[in-house]
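In: Have a look at this fold, sequence not included:
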């Protein structure tokens, strides 16, 4: 049994990860998964996670934390009238469908290959925000409908559930390409995280129920002690990220967001 003193380091690391995830969630409209998943991969072995279950537990636990981070962030953004609830209602059912599909195939997808593909995609998104000739260009003057909406929303849910993220990056890129201001796109993206995280968390619980040897406190592939430690600080720091986002100019926010995506993309590729 791990002694209390030996638990201090992982608990402190989980609290720090939660603070970073909450601030990033409020600042960039993401669920914090890009902070939480890498942190959990490092911390979970200290709690007894085996290597062959590590990524699944990290993803499932990350999705659980995103429920609370996203709800906290979207509430703060809504108070500033920067959330498009019509988009959330219209895209929600298709995002949920994609999320459920992602959880169903989580056991058979190669994490290394998926990490490489997604890391390259994230770097592509960074180019969009960092290039003045690209980020001011509009592809459409409104959000897509019909088959395009179904495909984008379903793909958003699928990819997000497989990686344990809130889908804020993709949502923000799509909305800005369709003429939405960066601040409103980020606010709406923060709400998308909860739509993804609820069914995603349930899915990872269900697919992990038959697994043995999971760390103490796990329900399926969700480790609730780790999730709660992260949630405590994430909900406290999310409003600080929201406040920072609204104090920055749109141009500076694009720059910060683009640089952030580069860090995320390189990290995912090198550690995939």
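Out: Received, thanks. These numbers were taken from a predicted model, which means no experiment stands behind them.
In: measure the nearest residue to residue 178 once chain neighbours are set aside to residue 202 for me?
Out: Sequence neighbours aside, residue 140 is the residue nearest to residue 178 in space, at 4.6 Å (criterion: C-beta to C-beta, 6 or more residues apart in numbering). Using the backbone N, CA and C atoms, a C-beta is placed for each residue, glycine as well. Note on residue 140: its distance to residue 202, by C-beta to C-beta, to the nearest Å, is 33 Å.
In: swap in residue 14?
Out: For residue 14 relative to residue 202 (C-beta to C-beta), the value is 22 Å.
In: And those two? Which one has more around it.
Out: The neighbour comparison of residue 14 against residue 202 (other C-beta atoms under 10 Å) goes to residue 14, with 28 against 18.
In: The residue nearest to residue 178: neighbouring residues, count only.
Out: 12.
In: ranges for the helices of the chain?
Out: With DSSP state H as the criterion, the chain has helices at 4-28, 33-43, 54-78, 85-104, 111-130, 132-135, 146-163, 168-177, 182-208, 224-247, 250-271.
In: Please work out which of these is packed deepest.
Out: Neighbour counts (mean count of other C-beta atoms under 10 Å) averaged over each of these peak at helix 54-78, with a mean of 27.
In: so how far is stretch 170-187 off the chain centroid?
Out: Centroid displacement of stretch 170-187 relative to its chain, using C-alpha atoms, centre = their mean, to the nearest Å, is 16 Å.
In: Identify the residues contacting it?
Out: Identification of contacts with stretch 170-187 by C-beta atoms under 8 Å, 6 or more residues apart in numbering yields 27-29, 74, 77-78, 80, 82-84, 87, 125, 128-129, 135, 137-144, 152, 156, 159-160, 168, 188-189, 192, 245-246, 250, 253-254, 257.
In: just stretch 228-240 next, same as before
Out: By C-beta under 8 Å, 6+ apart, the surrounding residues in contact with stretch 228-240 are 11, 14-23, 25-26, 32, 36, 61, 65, 68-69, 72-73, 76.
In: Could you list the low-pLDDT ranges of the stretch 1-150 of the chain?
Out: Filtered on pLDDT under 70, the stretch 1-150 of the chain yields the residue ranges 1-6, 29-31, 110-115, 117-118, 128, 132-139.
In: redo that, cut-off 90
Out: 1-13, 17-56, 58-59, 66-82, 84, 103-146, 148 (pLDDT under 90).
In: Roughly how far does the residue positioned nearest the centre of the chain sit from residue 189?
Out: The residue lying closest to the centre of the chain (C-alpha atoms, centre = their mean) is residue 165, at 2.5 Å. Counting by C-beta to C-beta, the separation of residue 165 from residue 189 is 11 Å.
In: for residue 149, same thing?
Out: Using C-beta to C-beta, one gets 16 Å for the distance from residue 149 to residue 189.
In: go on, residue 83?
Out: In terms of C-beta to C-beta, residue 83 sits 9 Å off from residue 189.
In: can I assume residue 188 is in contact with residue 84?
Out: Yes. Using C-beta atoms under 8 Å, residue 188 is in contact with residue 84, at 4.5 Å.
In: Who are the contact partners of residue 202?
Out: Residue 202 neighbours (C-beta under 8 Å, 6+ apart): residue 103.
In: Give me the pLDDT for it.
Out: You'll see residue 202 listed with a pLDDT of 95.
In: cool, and the one 5 residues further on?
Out: Per-residue confidence (pLDDT) for residue 207: 90.
In: Contacts only, for it.
Out: Neighbouring residues of residue 207 by C-beta under 8 Å, 6+ apart: 56, 103, 104, 106, 107, 220, 221.
In: JSON lines for those, including distance to residue 268?
Out: Shown next, in JSON lines, are those (distance: C-beta to C-beta, whole Å):
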{"residue": "56", "distance to residue 268": "17"}
{"residue": "103", "distance to residue 268": "20"}
{"residue": "104", "distance to residue 268": "23"}
{"residue": "106", "distance to residue 268": "17"}
{"residue": "107", "distance to residue 268": "20"}
{"residue": "220", "distance to residue 268": "24"}
{"residue": "221", "distance to residue 268": "20"}
